[in-house]
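Novice: After the sequence you'll find the predicted model.
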Number of protein chains: 2
Amino acid sequence: MKGFMCFEKPAYVLSWAGCGGVKEAGGPLASGFDKLWNDNRLGKKTWEEAERELKLSACRIALQKAGRSAADVHLGGDLLNQCISSGYAARELGFPFLGLYGACSTMAESLLLGAALTSSGLAATTLCSASSHFCTAERQYRYPLAYGGQRSPTAQWTATAAGAVLLSGEKPPYGGIRIKRALVGRVFDPGVKDGANMGAAMAQSAYESLHTWFAVSGSRPEDYSLIVTGDLADVGKKIVVHMLSEEGTDITPVYDDCGLMLYHGLQDTHSGGSGCGCSAAVLCAYILPEMKRGLLKRVLFCGTGALLSPVSLWQGESIPGICHIVELEAEK
Amino acid sequence: MKGFMCFEKPAYVLSWAGCGGVKEAGGPLASGFDKLWNDNRLGKKTWEEAERELKLSACRIALQKAGRSAADVHLGGDLLNQCISSGYAARELGFPFLGLYGACSTMAESLLLGAALTSSGLAATTLCSASSHFCTAERQYRYPLAYGGQRSPTAQWTATAAGAVLLSGEKPPYGGIRIKRALVGRVFDPGVKDGANMGAAMAQSAYESLHTWFAVSGSRPEDYSLIVTGDLADVGKKIVVHMLSEEGTDITPVYDDCGLMLYHGLQDTHSGGSGCGCSAAVLCAYILPEMKRGLLKRVLFCGTGALLSPVSLWQGESIPGICHIVELEAEK
């Protein structure tokens, strides 16, 4: 099957780190983060510098935890034009860098390619990262924050967060977490033209990738401790559950969405969280720690991205979506 | 060495296609293109749609030449925010897609990752693509064209062009062209803050990657029929030649730059060509055809990217550069 990959030689998760801002510090996963700031500028002059600092911190802490100063290759991306958070972070880190753009699917894309490079022995270690910042993203994709525009009920809240995962061909000292299989997503476009309804734009891609996954992997929803999309939030989650149920697949017993896990209901995010930092942070502040503790055994991490472009929307185009899947398994 | 990759199992170039616009049709490589348009809108409503069409045409012609309707995975990128030319093209193509951002280094980045996936057997075929358009890039990075701003002498002309290369683990029927080795570049920043002087911003990265290549690969400049950067143009080419000569390495007998190959002197491009379509087009309209004809044996294709962001420049940042290297060899 096109895009389906089985990593026969191991790609192990060696270490990870999640960093977040003020809203993330007030959310249900706060205790799982490696570093949280009580100022969304992180003491920097601009939001863009703050996002870079978030990304850099996640990368450095992940490397530190594994006792390394560098990885063979860093694969990373973010939401900003020209992926500047990743590019400038790579300048500071100083080791080889490959820039990715997958919108909110970036963390899954980086894990997939990072696993491909380590599993094939082309790199001994790969650092996979993604980040986003509410203030940089709102300014770039929607309105200047100072304008004070009202957010619609379907809108998602871009996470001020970053995650970084260090992969290696060697099994780590504790029981390892392994990336076993992955699926490169296709681009689907259900015709949504509302930049404040990304859940609806991405839901079809999540459905198509999950449908393909169950068809080709031989696995069923009940084989997983957790199937997680990131980030469809409330609107998109309902659509994907409905689409899969129409063909008799019920994922609800093990299904959740990163956009609904990062914040709690009283945090006024409307449909839920988003931004490539959202699924990256949920992975690093909740999923991987729970796998290490033995509380989650097999996880299907489905990175969903809305390839939203303000210019394309102004020109009358709709928002295409994509969903890359990475299968994680905890080994004793 | 971090980032240095040796593809022991083959990654062969199965087919390729180069497409271009009006200026490219008037340049010295015109006869090598698969398709040229005499209208930079390609009959479309917007420049962005035109760029998408360029990219799509290159992808479709490359697939067609190999008698395929799809590849296992498409790895592609472009200069536009959110990589929309690639994202929308992937929507039309319909097979699995991984979005990349490496500015003008994107063609080399896609070949490197595409070779990694085919060589490791994780994908049977990969389609690697990059594109750019003068009008979309000028509007996004500098000034609206209608403003009629004067271009500085160091400015480069973004190519209206696209290239696509289909890679496979199988040797093609004619004598094969193989991707043998590659190097993932690091990000270097010599402190250039002038968005119209990208050659100077990228030259250090090209130097550092070439320096590393000669140190770790065991190869010398004289082992190559052609060492080609894309795109340093006149300003950057001189800097990289000077930096290498200072340590006793003379690449001049076999060295050229895509930005100087795509156009001729009377085409008023100032320093030369640029844009990820430039090196992609020179690869597909000149280098690969010459290798197939047996006129070039070993080529070092060095994709150089200026990670230029208008927002970062406005905030006082300088322009980081990156250079990924891919080694191509014609086999009988």
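Specialist: The structure has been received and is ready for your questions. Numbering: from 1, shown residues only, chains lettered A, B, ... in the order given.
Novice: Can you tell me the closest non-neighbouring residue to the residue nearest the centre of chain A?
Specialist: For chain A, the residue sitting closest to the mean C-alpha position, by C-alpha atoms, centre = their mean, is A:Ser279 at 3.3 Å. Taking C-beta to C-beta, 6 or more residues apart in numbering or on different chains as the measure, A:Ser279 lies nearest to A:Gly230, with 2.6 Å between them; neighbours along the chain are not counted. Placement of C-beta: from N, CA and C, glycine included.
Novice: need the contact list for the one you found.
Specialist: By C-beta atoms under 8 Å, 6 or more residues apart in numbering or on different chains, the contact set of A:Gly230 is A:104, A:107-108, A:257-259, A:278-279, A:282-283, A:301-304.
Novice: before we move on, what about A:Gly185?
Specialist: Under the criterion of C-beta under 8 Å, 6+ apart, the neighbours of A:Gly185 are A:Gly3, A:Ser105, A:Ser205, A:Glu208, A:Ser209, A:Ile322, A:Cys323, A:His324, A:Ile325, B:Pro96, B:Phe97.
Novice: Now do the same contact list for the first one.
Specialist: A:Gly3 makes contacts with A:Leu183, A:Val184, A:Gly185, A:Arg186, A:Thr212, B:Asp72, B:Val73, B:Phe95, B:Pro96, B:Ala123, as judged by C-beta under 8 Å, 6+ apart.
Novice: how about A:Arg220, phi and psi?
Specialist: According to degrees, to the nearest 10, the main-chain angles of A:Arg220 amount to phi -120, psi 160.
Novice: how about stretch A:234-247: buried residues?
Specialist: By 16 or more other C-beta atoms under 10 Å in any protein chain shown, the buried positions in stretch A:234-247 come out as A:Asp234, A:Val235, A:Gly236, A:Lys237, A:Lys238, A:Ile239, A:Val240, A:Val241, A:Met243, A:Leu244.
Novice: er, stretch A:289-304 actually
Specialist: Taking 16+ other C-beta under 10 Å as the neighbour-count basis, stretch A:289-304 is seen to contain the buried residues A:Pro289, A:Glu290, A:Met291, A:Lys292, A:Leu296, A:Arg298, A:Val299, A:Leu300, A:Phe301, A:Cys302, A:Gly303, A:Thr304.
Novice: so what secondary structure elements neighbour the helix or strand hosting the second one?
Specialist: This points to A:Glu290. In the assignment (DSSP states H and E), A:Glu290 maps to helix A:288-292. Packing partners of helix A:288-292 (3 or more C-beta pairs under 8 Å, 6 or more residues apart in numbering or on different chains; DSSP states H and E): strand A:177-183, strand A:321-330.
Novice: So which of these is the most surrounded?
Specialist: For the helices and strands packed on helix A:288-292, ranked by mean neighbour count under the definition mean count of other C-beta atoms under 10 Å in any protein chain shown, the leader is strand A:321-330 at a mean of 28.
Novice: I'd like the distance from that strand to the chain centre, please.
Specialist: Offset of strand A:321-330 from its chain centre (C-alpha atoms, centre = their mean, to the nearest Å): 10 Å.
Novice: Return the list of strands paired to that strand, each annotated with direction.
Specialist: When pairs are called by DSSP bridges, strand A:321-330 turns out to pair with strand A:177-183 (antiparallel), strand A:187-188 (antiparallel), strand A:298-306 (antiparallel).
Novice: May I have it exported as PDB, CA atoms only?
Specialist: Taking Å, rounded to 0.1, in the frame of the first residue of the first chain, the C-alpha atoms of strand A:321-330 are listed here in PDB:
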ATOM      1  CA  GLY A 321      -6.300  18.600   5.000                       C
ATOM      2  CA  ILE A 322      -3.700  15.800   5.600                       C
ATOM      3  CA  CYS A 323      -3.200  13.100   8.200                       C
ATOM      4  CA  HIS A 324       0.000  11.200   8.800                       C
ATOM      5  CA  ILE A 325      -0.200   8.200  11.200                       C
ATOM      6  CA  VAL A 326       2.600   6.900  13.500                       C
ATOM      7  CA  GLU A 327       2.200   3.700  15.500                       C
ATOM      8  CA  LEU A 328       4.000   3.700  18.900                       C
ATOM      9  CA  GLU A 329       4.400   0.600  21.100                       C
ATOM     10  CA  ALA A 330       5.900   0.300  24.500                       C
END
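Novice: all strands of the stretch 151-300 of chain A, in order?
Specialist: When secondary structure is read from DSSP state E, counting those that start in this stretch, the stretch 151-300 of chain A shows strands at A:156-158, A:161-168, A:177-183, A:187-188, A:226-230, A:255-257, A:272-274, A:298-306.
Novice: which residues sit against the first one?
Specialist: Looking back up the chat, that one is strand A:156-158. Contacts with strand A:156-158, where a contact means C-beta under 8 Å, 6+ apart, come from A:23, A:79, A:132-134, A:137-138, A:198-199, A:231, A:233, A:259, A:263, A:267, A:269-275, A:277-278.
Novice: Next, the contact list for A:Leu210, please.
Specialist: A:Ile227, A:Val240, A:Leu244, A:Thr249, A:Ile251, A:Cys302, A:Cys323, A:Ile325.
Novice: For chain B, tell me whether stretch A:159-168 is touching it.
Specialist: No. Using C-beta under 8 Å from any C-beta of the partner chain, stretch A:159-168 never reaches chain B; the gap is at least 13.4 Å.
Novice: now that stretch: how far from the chain's centre is it?
Specialist: The gap between where stretch A:159-168 is centred and where its chain is centred comes out at 8 Å by C-alpha atoms, centre = their mean.
Novice: Quick check: mean pLDDT of it?
Specialist: Per-residue pLDDT values across stretch A:159-168 average out to 98.
Novice: Next: stretch A:252-263.
Specialist: Rounded mean pLDDT across stretch A:252-263 is 98.
Novice: Looking at A:Lys332 now. What's its pLDDT?
Specialist: Per-residue confidence for A:Lys332 comes out at a pLDDT of 72.
Novice: Please report how far A:Asn81 lies from B:Val311.
Specialist: 7 Å (C-beta to C-beta, to the nearest Å).
Novice: List the residues that are in contact with both of those two.
Specialist: When contacts are counted by C-beta under 8 Å, 6+ apart, A:Asn81 and B:Val311 are jointly contacted by A:Gln140.
Novice: Of the two, give the one with the bigger neighbour count.
Specialist: Relative neighbour count places A:Asn81 above the other of A:Asn81 and B:Val311, with 21 against 16, counting by other C-beta atoms under 10 Å in any protein chain shown.
Novice: The more buried one contacts B:Leu307, correct?
Specialist: No. A:Asn81 is not in contact with B:Leu307 according to C-beta atoms under 8 Å; the separation is 10.8 Å.
Novice: Now do the same for A:Ser131: helix, strand or coil?
Specialist: Going by DSSP: H, G, I helix; E, B strand; the rest coil, the secondary structure assigned to A:Ser131 is strand.
Novice: Excluding sequence neighbours, find me the nearest residue to it.
Specialist: Using C-beta to C-beta, 6+ apart and skipping the chain neighbours, the partner closest in space to A:Ser131 is A:Ala162 (3.5 Å).
Novice: Does A:Cys278 touch A:Ala233 like I think?
Specialist: No. A:Cys278 lies out of contact with A:Ala233 (C-beta under 8 Å); the separation is 9.1 Å.
Novice: Common neighbours of these two, please.
Specialist: In terms of C-beta under 8 Å, 6+ apart, A:Cys278 and A:Ala233 are both contacted by the residues A:Gly259.
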